[in-house]
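J.: Need coordinates for the following:
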Amino acid sequence: MIARSETLQARKQQLVKEAIWDAAIDLFVAKGFDEATVEEIARAAGVSRRSFFRYFASKKDLMAQGVLLYGATLRGAIEACPRSYTLLETMERVTLEVAKHTASQPRTRQIYRIAESSMAANEALLSSLPVVEVDLSEAFAARLKKVSKDPLKSRLLATLTLAILNTSLQHWCRNEPEDISIVIRQAFATISQVVCQ
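T.: As a prediction, the model looks like this:
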């Protein structure tokens, strides 16, 4: 019985967190990141200011949450890649899968536009990237365990994967209704040209 109530509690907490996040994104789009207040976000989500702070430390923390989820998706994609793939094939498959997943989310373009319109929102969004980079580096290190113990290699793979993905998603956001798969393939074709010259 305890496990079931804990599960119910966890689902309720997740629903409240999502309601706060959705209300915040709507307000950031309507008013701007800098102008929207925590009080307005809480009111729009149907929770108290105190409840807001149970889930998020600030508006900046709220913006960073999406990046952490993005990181978990990236790590899962790296771990799911067949061991027979080369590192470049792994990077391409991971970026393609995660880009398609991210592009399919209804809020993705809104989040990128919020970040482009506010320096504070952009900084908040980027604040979690170092955590994601370390996580990805560990995922690549696990793939390389038998091949290499060089931490530089796994860190570079993580950094490159994030750079390709973020640059491709930014390009896609600015060039609606472009297909994200085409953008990712163009990015890898460009990288191949640069490396081979």
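J.: Where does pLDDT dip in this structure?
T.: For the chain, applying pLDDT under 70 flags the ranges 1-6, 146-149, 196-197.
J.: Just the buried positions in the longest helix seen in it, please.
T.: Using DSSP state H, we find that the single longest helix of the chain is helix 2-31. Neighbour counts over helix 2-31 (16 or more other Cβ atoms under 10 Å) mark Val16, Lys17, Ala19, Ile20, Trp21, Ala23, Ala24, Ile25, Asp26, Leu27, Phe28, Val29 as buried. Glycine gets a C-beta too; all of them are placed from N, C-alpha and C.
J.: Summarise which helices and strands it is packed against.
T.: Here helix 2-31 touches helix 38-45, helix 49-55, helix 59-80, helix 108-117, going by 3 or more Cβ pairs under 8 Å, 6 or more residues apart in numbering; DSSP states H and E.
J.: Over to Gly32: give its phi and psi.
T.: phi 100, psi 150 (degrees, to the nearest 10).
J.: Tell me the spacing between it and Arg54.
T.: Going from Gly32 to Arg54 by Cβ to Cβ, to the nearest Å gives 25 Å.
J.: coming back round to it: the buried residues of helix 2-31 into a markdown table, with extra columns for distance to Glu123?
T.: Shown next, in a markdown table, are the buried residues of helix 2-31 (distance: Cβ to Cβ, whole Å):
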| residue | distance to Glu123 |
| --- | --- |
| Val16 | 26 |
| Lys17 | 22 |
| Ala19 | 25 |
| Ile20 | 20 |
| Trp21 | 18 |
| Ala23 | 21 |
| Ala24 | 16 |
| Ile25 | 17 |
| Asp26 | 21 |
| Leu27 | 18 |
| Phe28 | 14 |
| Val29 | 18 |
